[in-house]
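Novice: Fold the following for me, if possible:
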Amino acid sequence: MKKIIGINLIIFFGIFILLEPISRFFNLAGLMGHSQNTYINKGKNLHALKADNEGKIYNSKYYTDKYGYRVPKPNFNYSKDKKSIFFIGDSVTFGNGVLEQNTFVGKLRKEFKSLNFINSSVPGYNIPQFTQILETINNFEEVTKIFYIYCLNDISGINQEQEVNTERKKINKIKQIKIANKLNVFLRDKSVFYMFLKGALTDPSERYFKYEYNAYKVKSNINLLENFLTKVKDETIQKNIEFKIIIIPYEFQTRNNNCANKFMNPQRMVTKIIKKMDIQFSDYSEYFCNHADPNKLYYKYDPAHLSRDGHNLVFSILKKDI
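Specialist: Next comes the predicted model:
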């Protein structure tokens, strides 16, 4: 029996090794790892990107400034003679898997050379972390506008466990198996074939969306969002800074007829809150849904991160607000 198992494992890994270069040649999927020195721990439930650093996230090079914010090159300096546009967001705004110059913030930077563009976004951040980011705005000269790029997972993982989510529970059980978890982390960073196989067989876009969808059933999450937006609005009014929210949809929402059904309820809830608070906003969901091929706007087999095409679409719309 052991001999048979050993032979089967050899065959399996042989096929795996054979299909890896084929998967890379045809670009069947994207890697989802990051460099070991990417993050630093800043206390309970708070991490940050290491300042004055360079590395890779989702197999794309990135650089950070002295604040740990993404910039186009090492030793990048903001001009004290320019007005500044400040971005708040998570990994979607950071641009996982896309070179800085091809992200919508990077493209704005190239388009409007008379302005500073400050990308304070950090992968893995949500509302509690965004609140602390607000305190760093005073580090920059003449911030005239703040754009908050809202993604559906911004209230994720806070009080979500109150909701039943069978699929997520299964995933968490697997993650608790140390060997399986370490293998998954390793393969996410190294194997295109693994990411293709995992994406094709498990549909992570649908799975993650349905997990986030449950977060909007938890009243305390909605209250947290309202409190955060109130804080931002009050601070921006006090400092005479224009504030606008941009809503980005999940890939699963842009499929077939999903744009017109219950799966758009999170956007409806968020826009209702924003309108009640009289905050400027734009929901880009319609632009994504009306695209000829919405799937191409996202990183391959990814629920929310944008591809180069996705960043270009956001840039083409957002530049009208600059």
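Novice: now the strands for the stretch 201-322 of the chain?
Specialist: 242-248, 280-283 (DSSP state E, counting those that start in this stretch).
Novice: what number of residues lie near the nearest residue to G106 once chain neighbours are set aside?
Specialist: Spatial nearest neighbour of G106, chain neighbours left out: E100 (4.4 Å); criterion: Cβ to Cβ, 6 or more residues apart in numbering. (C-beta placed from N, C-alpha, C; glycine too.) E100 is flanked by 21 other residues according to other Cβ atoms under 10 Å.
Novice: May I see the strands of the stretch 201-322 of the chain organised as CSV, with mean pLDDT, mean neighbour count and distance to K320 added?
Specialist: What follows is these, written out as CSV (pLDDT from 0 to 100; neighbours: other Cβ atoms under 10 Å; distance: least, Cβ to Cβ, whole Å):
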stretch, mean pLDDT, mean neighbour count, distance to K320
strand 242-248, 97, 19, 11
strand 280-283, 97, 17, 10
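Novice: thinking again about what came up before, now the residue nearest to G106: how far from E111?
Specialist: 14 Å (Cβ to Cβ, to the nearest Å).
Novice: For this structure, give me the ranges with low pLDDT.
Specialist: Along the chain, the model assigns pLDDT under 70 to residues 1-16, 157-178, 180.
Novice: Format the strands of the stretch 201-322 of the chain as a markdown table; extra columns: distance to K145.
Specialist: A markdown table is the format used below for the strands of the stretch 201-322 of the chain (distance: least, Cβ to Cβ, whole Å):
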| stretch | distance to K145 |
| --- | --- |
| strand 242-248 | 5 |
| strand 280-283 | 10 |
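Novice: P266 is nearest to which of those strands?
Specialist: In terms of Cβ to Cβ, the element of the strands of the stretch 201-322 of the chain nearest to P266 is strand 242-248, at 9.0 Å.
Novice: Walk me through which strands the closest one pairs with, and which way each runs.
Specialist: Strand 242-248 sits in its sheet next to strand 143-151 (parallel), strand 280-283 (parallel), going by DSSP bridges.
Novice: how about those, which one is nearest Y250?
Specialist: Using Cβ to Cβ, the strands paired with strand 242-248 put strand 143-151 closest to Y250, at 7.9 Å.
Novice: what comes into contact with the closest one?
Specialist: Identification of contacts with strand 143-151 by Cβ atoms under 8 Å, 6 or more residues apart in numbering yields 83-90, 92-93, 118, 121, 130, 137, 232, 236, 239, 241-248, 250, 270, 304, 318, 321-322.
Novice: where does that strand sit relative to the chain's centre, distance-wise?
Specialist: 15 Å (Cα atoms, centre = their mean, to the nearest Å).
Novice: and Y194, how far is that from G33?
Specialist: From Y194 to G33 the distance is 11 Å (Cβ to Cβ).
Novice: Surely A48 is in a strand?
Specialist: Yes - using DSSP: H, G, I helix; E, B strand; the rest coil, the assignment for A48 is a strand.
Novice: on that earlier part again, my guess is the residue nearest to G106 contacts P72. True?
Specialist: Yes - counting by Cβ atoms under 8 Å, E100 touches P72, with 4.8 Å between them.
Novice: what do those two both touch?
Specialist: Jointly contacting E100 and P72 under the rule Cβ under 8 Å, 6+ apart are Y63, G106.
Novice: wait, isn't F209 in contact with M264?
Specialist: No - the criterion here is Cβ under 8 Å, and F209 misses it with M264 at 11.2 Å.
Novice: Buried only: go through the contacts of strand 143-151 for me.
Specialist: 84-90, 92-93, 118, 121, 130, 137, 232, 236, 241, 243-248, 250, 270, 304, 318 (16 or more other Cβ atoms under 10 Å).
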